[in-house]
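S.K.: Sequence plus predicted model, see below.
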Amino acid sequence: MAAGRSTAGAVVEARGLLKRFGGQAAVDGVDLSVPAGGCLGLLGPNGAGKTTTLRLILGMARPDAGSLRVLGEPVPERAERARARMGVVPQGDTLDPDFTVEENLRVYARYFGLHGPAVERRIRALLDFAELSGRAHARVQSLSGGMRRRLAVARALVNDPELVVLDEPTTGLDPQVRHHLWARLRALVAEGRTLLLTTHYMEEAERLCDRVVIMDRGRVLEQGTPAELVARHVEPEVVEIRAAGGETVPALPGTGACRIETVGDVRYCYTHDARPLLAALEGRGDLTFLHRPANLEDVFLRLTGRELRE
Amino acid sequence: MRRLRLPPPPRPRLRALTVWRRNVLVWRKLMGAALAMNFGEPVLYLLGLGYGLGFFIGEMAGLPYLTFLASGIVASSAMTTASFEGMYSVYTRMVPQRTYEALLATPLTVDDIVAGELLWCATKSLISSSAILAVAALLGAVSGWQALLAVPAFFLVGLCFAGPAVVMSALAPNYDFFEYYFTLVLTPMLLVCGVFYPVDALPGALQAIVQVLPLTHAVALVRPLVAGLPLEQPLLHLAVLAAYAAAGWYAATVLVRRRLVS
């Protein structure tokens, strides 16, 4: 597989991006800079504006205000030129059901104006990469969900893109398939490509992304490396406590230095030093607890709140 | 006060042909079934009505009824073929199959996609009407090689009806929506535009309306070519068909843009 190139500076540069749908701002003054190389994760609850942001970057939605450059091209004015150097793995399935696995790649390459022996070699390499060589002549409908997603990733690479955009790449996949796909995506970063992905799996963001941007209600709330965000927003240790039988967790000594959040029957104690609390929990047979380091999910819930989103 | 500004006209590029080519590749895979469909219904019409009714009617407008009917059906079939493709197939690719979403992640634009689809609809019309023309020739309903001049006309007729069909797709909330267009637009045209009997048999008021309908001009252009008669006002018919094609192309592009790129 051909190596990706690295672009100096940012591959996506958005300033004051605004997009309204019927008076409602789906993207509300977003500044976003995606550095070349590495993986940037766009995180946020449903309706945060992640997908709209991606659609703006692709030129599939027109901003109401703000400026946007993708791979140096002004978007949407010259979005086609930017897209020629991008790969896109859309949410859900947009594979062409009228074609086989291999034909999907070949026909898609044509849309980029690519054909001939070099493309045929690339298709074979991509089938290997996606571990679909044995299914080259299979109809798309006969593939499993994981195979289809791998084919979608292979299709996004057919033009040897500098920037690969993935909208919730592992939603709906089982754990084996997700881990496999993560390995493939890390391989793309190792080739020097830039990945921009949306996800609402914090585990995915922590495993894949060098930088994350947390969005909510169309705005950027915070950005940085996952470790930076954890250090900035939550205490390093968490103790989750649950009462047997789903009862309310009683007040405990040793929680004085904790920041406490209660969700349903679980009490989350965020602290710099869990030892006093752990000592108090010692021998309490009526309570179960879990002591763990704080993670991106804690940051996410802290910033976007714990109420349900529809 | 805001000035009314029309959306910019379609600006497809040569790359639109990759969309046309995609459809050709799919069609080739299912060519047998597709051709059987193309032949099927019109052949039944030709045999059933042409021979059956023709037995009682004998001649119509100075032509053997089979010839009269065949020359009308090649034109109307170009209309129905482009309409079916522009509605059911285009809608399938636009909405449930999300093919256009995948295409819009490439350097293709909406204008390219619509252009490729319209050209494909017209190509399908050309194929299906040519197939019927061949059958009609075998049945002795075609007089001479000048009928081959009708083949490019099939393409134009197809293009003329492809635009409105894609407009319907761009507006459709679901497949049922297309029934309105068939019932209110296509079927009436099929019945009054001279396919089965001459337009001048209609009452005067209706004739005026019929004269602005595209199928009337499609039939009027194609019939003399198939029947071996001198062409009457060919430039007028071509101009009307081209005008409908251009207006449909514009409307289809604007409305698909609105549906896909918000």
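M.R.: Yes, it's here.
S.K.: Relative to residue A:105, how far out is residue A:121?
M.R.: Residue A:121 is 12 Å from residue A:105, where distance means Cβ to Cβ, to the nearest Å. Any C-beta I mention is one placed from the backbone N, CA and C, and that applies to glycine too.
S.K.: the more surrounded of the two?
M.R.: A count of neighbours by other Cβ atoms under 10 Å in any protein chain shown puts residue A:105 above the other of residue A:121 and residue A:105, at 25 against 12.
S.K.: List the residues that contact that one.
M.R.: A:123, A:126-127, A:151, A:154-155, A:158 (Cβ atoms under 8 Å, 6 or more residues apart in numbering or on different chains).
S.K.: which ones among the residues you listed come in contact with chain B?
M.R.: residue A:155 (Cβ under 8 Å from any Cβ of the partner chain).
S.K.: If burial is judged by neighbour count, which of the contacts of residue A:105 pass?
M.R.: Listed as buried from these are A:123, A:126-127, A:151, A:154-155, A:158; burial here means 16 or more other Cβ atoms under 10 Å in any protein chain shown.
S.K.: Between these, which sits nearest chain B?
M.R.: Among the buried ones among the contacts of residue A:105, residue A:155 lies closest to chain B (Cβ to the nearest Cβ), at 7.9 Å.
S.K.: quick one: contacts for that closest one?
M.R.: Contacts for residue A:155 were tallied using Cβ under 8 Å, 6+ apart; they are A:87, A:95, A:104-105, A:108, B:102.
S.K.: swap in residue A:239?
M.R.: Contacts of residue A:239 were listed using Cβ under 8 Å, 6+ apart, and they are A:258, A:268-269, A:271, A:274, A:277-278, A:281, A:289-291.
S.K.: Can you say which helix or strand has it in it?
M.R.: If you go by DSSP states H and E, residue A:239 is part of strand A:237-243.
S.K.: Next: residue A:81.
M.R.: Per DSSP H and E: helix A:79-83 holds residue A:81.
S.K.: list the helices and strands that helix packs on?
M.R.: With contacts taken as 3 or more Cβ pairs under 8 Å, 6 or more residues apart in numbering or on different chains; DSSP states H and E, helix A:79-83 sits against strand A:73-74.
S.K.: and the strand it packs on, which strands flank it?
M.R.: Partners of strand A:73-74 in the sheet, by DSSP bridges, are strand A:65-70 (antiparallel).
S.K.: Assign a three-state SS to residue B:41, would you?
M.R.: Three-state call for residue B:41 (DSSP: H, G, I helix; E, B strand; the rest coil): helix.
S.K.: How many residues are close by it?
M.R.: Using other Cβ under 10 Å, the number of residues around residue B:41 comes to 14.
S.K.: for residue B:204, same thing?
M.R.: Residue B:204 has 7 nearby residues by other Cβ under 10 Å.
S.K.: Tell me how far it lies from residue B:197.
M.R.: Counting by Cβ to Cβ - residue B:204 and residue B:197 are separated by 16 Å.
S.K.: Same check on residue A:50?
M.R.: 61 Å.
S.K.: same thing with residue B:56?
M.R.: Applying Cβ to Cβ, the value for residue B:56 to residue B:197 is 13 Å.
S.K.: Tell me the confidence at residue A:250?
M.R.: The per-residue pLDDT reported for residue A:250 equals 81.
S.K.: can you pull the contacts of it?
M.R.: residue A:243 are the contacts of residue A:250 under Cβ under 8 Å, 6+ apart.
S.K.: Among residue A:50 and residue B:197, which residue is more densely surrounded?
M.R.: residue A:50 (27 against 17).
S.K.: I figured that one hits residue A:214, correct?
M.R.: No. At 10.2 Å, residue A:50 does not count as touching residue A:214 under the criterion of Cβ atoms under 8 Å.
S.K.: what's in contact with the helix or strand harbouring residue A:289?
M.R.: According to DSSP H and E, residue A:289 maps onto strand A:287-293. Outside strand A:287-293, the residues that touch it by Cβ under 8 Å, 6+ apart are A:236-244, A:249, A:274, A:278, A:281.
S.K.: what angle separates that strand from strand A:237-243?
M.R.: 160 degrees (axes from the mean of the first three to the mean of the last three Cα atoms, to 10 degrees).
S.K.: Make sure residue A:11 is indeed in a strand.
M.R.: Yes. Counting by three-state DSSP, residue A:11 falls inside a strand.
S.K.: Could you check how far it is from residue A:101?
M.R.: From residue A:11 to residue A:101 the distance is 29 Å (Cβ to Cβ).
S.K.: all helices of the stretch 1-150 of chain A, in order?
M.R.: A:50-58, A:79-83, A:101-111, A:117-129, A:145-156 (DSSP state H, counting those that start in this stretch).
S.K.: Quick one: closest of the ones you listed to residue B:83.
M.R.: Residue B:83 lies closest, by Cβ to Cβ, to one member of the helices of the stretch 1-150 of chain A: helix A:101-111, at 25.6 Å.
S.K.: And the pLDDT at residue B:258?
M.R.: 95.
S.K.: Check which helix or strand the closest residue to it other than its chain neighbours maps to.
M.R.: Closest residue to residue B:258 apart from its sequence neighbours, by Cβ to Cβ, 6 or more residues apart in numbering or on different chains: residue B:170 at 7.2 Å. Using DSSP H and E, residue B:170 sits in helix B:150-171.
S.K.: quick one: average confidence on that helix?
M.R.: Averaging pLDDT along helix B:150-171 yields 98.
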